[in-house]
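>>> for reference, the sequence and a predicted model appear below.
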Amino acid sequence: MAIASDSGASDATEPDSTVLVSTPYGDVLGYPVAADASPILAWRGIPYATPPVGKLRFRAPRPLQPWSGVLDGLEFGAMAPQGRDSPVPIDPSLSISEDCLTLNVWAPRPDAELRPVLVWIHGGAYSLGSSAQRVYDGRNLSENGDVVVVTINFRLGPFGFLDLSSFSTDEHTFETNLGLRDQIAALQWVRECISAFGGDPDQVTVFGESSGGASVTTLMTSPKAEGLFQRAIVQSAPATSVYGPDRGAAVASRFLELVGVDREDIGELFDMHFTRLVTAGDTLCYEIPTTVPGTLGLSPVVDGDIVPRYPVAAFQKGLSHKIPLIIGTNHDEPSIFRFMKSPLMPITSDTVSEMFRAIAHDHADLPAYRVAEIMAAYPDRDKPAGAQAISRDAGFLMPSVWIADGHSRHSPTWMYRFDHATPMLKAARVGAGHATELPYVFGNFGTLSRDPTFWLGGRKPAMAVSARMQRRWLAFARYGVPAALDASKHWAPYTEQARWTLVIDASDTLVDDPDGEMRAAWGDRVLGFS
């Protein structure tokens, strides 16, 4: 961590424009987000747990130790170990380190008022990404909603989502679901410290996308996370990508083969340079979904502790936390995987068929006719568009519907489908692909080095869509109801009797059960991998 020698600011910022905040662990210096008149400040790179290095590698996060002096909050902390050569656009100047358990806060200058808090969990297949990605900058949300925004780093890949617990010995302990444990530790920090930044610890909304969204659904069924947040927003979550201990142990065995470590030498993993572990983790990330389409190489596991049961099944049994929920998907989720030539989603008729064969193998009591009924609902299944539709529904739509059905029985639930795409994204056949809603939620367009979003126009309607989405997300964080408060279309709650879904496009429409035919074909039984 960067400790300033005194409470002064850098040469680029006037000393009286910074804000020093005192937390139970020490003082943090925050900086204005821009030279303009924005009232928002940012405190970056704040540690929330002891660095998980050395013998703490593969162990649950330990409590943070107080520091002396002033922590300089000008720069982001290091991002979690991961490969540099990835499709996720990340600033190449960011450092990579196992000392990565930090978070960032955007907020108005603290005063006597406590404001709603939004805590963001980024996506990246549990293996990629950082809270420092420009698209996740919290300034616009904080300023537009008068809220506090927190983004967090947590362990990824083999450091956060590899289950080595079956290899524990008397001498070496490997704990489960470390990335989720990190997220819980960050939420505990928010509960303990966020009031110093002007945030209300009793009005916390957790939101996330992709594996970050699935982290949210998993946390919503974890007893260890109960009470740490009061609302949840889930965007495009592969919520069934949580596996049992047997699969976790098999993946761990393959990981040991890749790093060249025998069971009796398991302790070597604590001393090995992290880049060697990252390389093996990257191999798993692409090898496993290629071998078994529809699965992820590294992901949470059912461990009877942090994850006591399969999350989607827990939702169906009424075991999710009783809090308001927004959940939804994008219309063209798989398109971006086709564009990137990524195996993370099956997008051909052959890989989709292989996925169903593997699912049937995991569900020995699944009648063959049920698979035939599902496939029959997609008349173009032998064509790329049909195969992608099946993959979208298996990976994103149906898990979200199963969650919404179960959760709506006891708590307010709202469902959306994001359909909006700029002319350029339509021309590129990406449409409303996976993650394309992110700039709309955060109000951050142009975050890529050569962002093609508006090359063929469409900026004005996109700005209007973004403004509506932000107003709904912010109203939900403040009031627990996603009303845009601007005469926009009323967003009726989702129930099993009236499956109202907000279809977000150039104009919003409210549709009862927009994907009803597919929902009926899949039925209520959760079809995922064990």
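Arrived safely, thanks for sending. Since the structure is predicted, the reported quantities are computational estimates derived from the model, not experimental observations. Residues are numbered from 1 along each chain as shown.
>>> quick one: buried residues of stretch 298-318?
Neighbour counts using 16 or more other CB atoms under 10 Å place 298-303, 306-307, 310-316 of stretch 298-318 among the buried residues. All C-beta spots, glycine's among them, are computed from the backbone N, C-alpha and C.
>>> sort out for me which of those are in helices.
311-316 (DSSP state H).
>>> let me know the closest of those to residue 432.
residue 312 (23.3 Å; CB to CB).
>>> the closest one contacts residue 528, doesn't it?
Yes - under the criterion of CB atoms under 8 Å, residue 312 makes contact with residue 528 at 6.9 Å.
>>> so what sits against both of those two?
Here residue 312 and residue 528 have 240, 399 as joint contacts, going by CB atoms under 8 Å, 6 or more residues apart in numbering.
>>> the residue nearest to residue 507 when sequence neighbours are not counted in helix, strand or coil?
Using CB to CB, 6 or more residues apart in numbering and skipping the chain neighbours, the partner closest in space to residue 507 is residue 489 (7.7 Å). Three-state assignment for residue 489 (DSSP: H, G, I helix; E, B strand; the rest coil): coil.
>>> residue numbering should commence at 33 henceforth.
Yep, numbering from 33; the last one is residue 521 now.
>>> show the contacting residues for residue 521.
Contacts of residue 521 by CB under 8 Å, 6+ apart are 534, 539-542.
>>> among those residues, which one has the most neighbours?
When neighbours are taken as other CB atoms under 10 Å, the top entry among the contacts of residue 521 is residue 534 (27 neighbours).
>>> isn't it right next to residue 522, touching?
No - under the criterion of CB under 8 Å, residue 534 makes no contact with residue 522, lying 9.3 Å away.
>>> residues shared between the contacts of those two?
By CB under 8 Å, 6+ apart, the residues touching both residue 534 and residue 522 are residue 542.
>>> so where do the strands sit in the chain?
Using DSSP state E, the strands found in the chain span residues 35-36, 51-55, 58-64, 72-79, 102-104, 134-140, 147-153, 180-184, 231-241, 263-267, 357-362, 445-450, 532-536, 541-544.
>>> show me the contacts for residue 246.
240, 266, 269-271, 273-274, 332, 343.
>>> could I get these as JSON lines with distance to residue 101 and pLDDT?
Below are those laid out as JSON lines (distance: CB to CB, whole Å; pLDDT from 0 to 100):
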{"residue": "240", "distance to residue 101": "33", "pLDDT": "98"}
{"residue": "266", "distance to residue 101": "39", "pLDDT": "98"}
{"residue": "269", "distance to residue 101": "40", "pLDDT": "98"}
{"residue": "270", "distance to residue 101": "43", "pLDDT": "97"}
{"residue": "271", "distance to residue 101": "43", "pLDDT": "98"}
{"residue": "273", "distance to residue 101": "43", "pLDDT": "97"}
{"residue": "274", "distance to residue 101": "42", "pLDDT": "97"}
{"residue": "332", "distance to residue 101": "37", "pLDDT": "98"}
{"residue": "343", "distance to residue 101": "42", "pLDDT": "98"}
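>>> and of these, the nearest to residue 285?
Checking the contacts of residue 246 one by one against residue 285 (CB to CB), the nearest turns out to be residue 332, at 18.3 Å.
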